[in-house]
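Participant: got a predicted structure plus its sequence, pasted below:
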Amino acid sequence: MKITAQEEYGLRILIRIARCKDKEGMSIPQLTEAEGLSSHYVAKLTRILRMKGFINSTPGYKGGYVLAMPAQEIIINNVLKALGGALFNTSYCGSHSGTMKICTNSVDCSARSLWQMIQYTVDQLLDKITLHDLVSSELQSGKILEQVVHEFTRKSLLV
């Protein structure tokens, strides 16, 4: 399993926008410089984030991007899925059946069970993390995330 560049940079751009104190937000040139990315790539990522309702653009020459809702309402799982999709999508098996029209393991696939369990666990955890949890320093965010994981693990063991 890999985190794509689009997911990584898209999330980092969203965190930068969330940290911005300027009411006009951050412009593409500002985001480009801050992240060391091409302006075309930043434009692509901000377009995805805007189309999915996470950010809004502010008009005018000094315009930029601002959050479309409070950081506490932006669920990281939704952001990552908007930027790259789920780690395991149930339609994967149908799209990658090999040389046959139907996967040879379509009826009894223990690997599919593993991927579904991993996806479920990742979804359950990422649904508990908001953008607000990530706008602090790395140390503070690390403590918040440790607490989320601890609570998640404790609840998982009780079930």
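Facilitator: Yep, it's here. These numbers were taken from a predicted model, which means no experiment stands behind them.
Participant: what are the boundaries of the helices in the protein?
Facilitator: Using DSSP state H, the helices assigned to the chain run over residues 5-19, 28-35, 39-51, 76-84, 92-95, 110-126, 138-158.
Participant: and the ones you listed, which one averages the lowest pLDDT?
Facilitator: Among the helices of the chain, helix 92-95 carries the lowest mean pLDDT, a mean of 57.
Participant: find the nearest non-adjacent residue to the residue nearest the centre of the chain, please.
Facilitator: With distances taken as CA atoms, centre = their mean, Leu80 lies nearest the centre of the chain, 2.0 Å away. If you skip the residues right next to it in sequence, Leu80 has Glu7 as its closest partner in space, 5.3 Å away by CB to CB, 6 or more residues apart in numbering. Glycine gets a C-beta too; all of them are placed from N, C-alpha and C.
Participant: which one of the helices of the chain lies closest to Pro70?
Facilitator: Closest to Pro70 of the helices of the chain is helix 5-19 (CB to CB; 9.5 Å).
Participant: ok, back up a step: what's the closest of the helices of the chain to Leu67?
Facilitator: Per CB to CB, nearest to Leu67 of the helices of the chain: helix 5-19, 5.8 Å.
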